[in-house]
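Colleague: Structure, please.
(one chain, ligands or ions: 1)
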Amino acid sequence: MDKVEKVEIVRIVNSVFQSNTYLIINSNYRICFLIDCGDSSLIIDTINKRGLFLKGVFITHSHFDHIYGLNAVISEYPGILIYISAFGKEGLYSDKLNLSRYNLCPYVLQRYDNIKELNEGDTIDLFGNIKIEAYETPGHDKSCLTYKFGNYLFTGDAFIPGLKVVATFPNSNKMDAELSRQRIIFLSKKCGLYPGHGEIYENFQSEVYL
Ligand SMILES: [Zn+2]
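Modeller: Okay, the predicted model is just below:
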């Protein structure tokens, strides 16, 4: 991690299923990125009160509790880039794939062009010389990506410490979920772990018995 870059992570606990949205903030440049997008009013308030410029949104997977703020956030910040896996992109436009259809609140993204599909190993510049890397970690859902930059690891629902990975949805795969879990534990060495639900683990491997 480049010591010159000051990075702050702010966690927002959303109203739907208490999913987490994270803001990755660099106050040197006053820019920020989102990991997942839940309660848009909380997200927009946080960004605007601090005078930050939102550069992009990284989606861990397209289950609706991780994406339902996108339409409102896009209309507040037109043109921002959304990063997601190819299968996740399909889920943005399908209330069946994103599961909102089964929760009495059908949600789909309005037609939107600034979506960049990410594959295993793709990297995106965040700020300075810091890049974020995408890892395909399917199992919970086929669309799952885990993101890593510096010593920060964002796992979505592919791995939540202390909980069994939920792999009972139509696009889940139990064997993939276990492989992804092992992979994430390997990736988490010396990292803070930022899951899709629940608390942050600043020093994951020394805090949690694996
Ligand atoms: Zn999920």
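
Colleague: Tell me which other helices or strands the top helix by length along the chain touches.
Modeller: For the chain, the longest helix by residue count, based on DSSP state H, is helix 174-187. Helices and strands touching helix 174-187, by 3 or more C-beta pairs under 8 Å, 6 or more residues apart in numbering; DSSP states H and E, are strand 145-149, strand 152-156. (C-beta placed from N, C-alpha, C; glycine too.)

Colleague: Pull out the buried positions in it.
Modeller: Of all the residues in helix 174-187, those buried under the rule 16 or more other C-beta atoms under 10 Å are D176, A177, S180, R181, R183, I184, I185, L187.

Colleague: List, one by one, the residues from the protein near the ion.
Modeller: H63, D157 (C-beta under 5 Å from the ion).

Colleague: got the residue ranges for the helices in the chain?
Modeller: Using DSSP H, helices in the chain cover 40-49, 70-76, 86-92, 174-187, 204-207.

Colleague: Excluding sequence neighbours, find me the nearest residue to N173.
Modeller: Of all residues not flanking N173 in the chain, G139 sits nearest, at 5.5 Å (C-beta to C-beta, 6 or more residues apart in numbering).

Colleague: So, low pLDDT: which residues of the chain?
Modeller: Filtered on pLDDT under 70, the chain yields the residue ranges 1-4, 207-210.

Colleague: give the contact list for S94.
Modeller: V108 (C-beta atoms under 8 Å, 6 or more residues apart in numbering).

Colleague: Could you do D122 as well?
Modeller: Per C-beta under 8 Å, 6+ apart, neighbours of D122: E133, A134.
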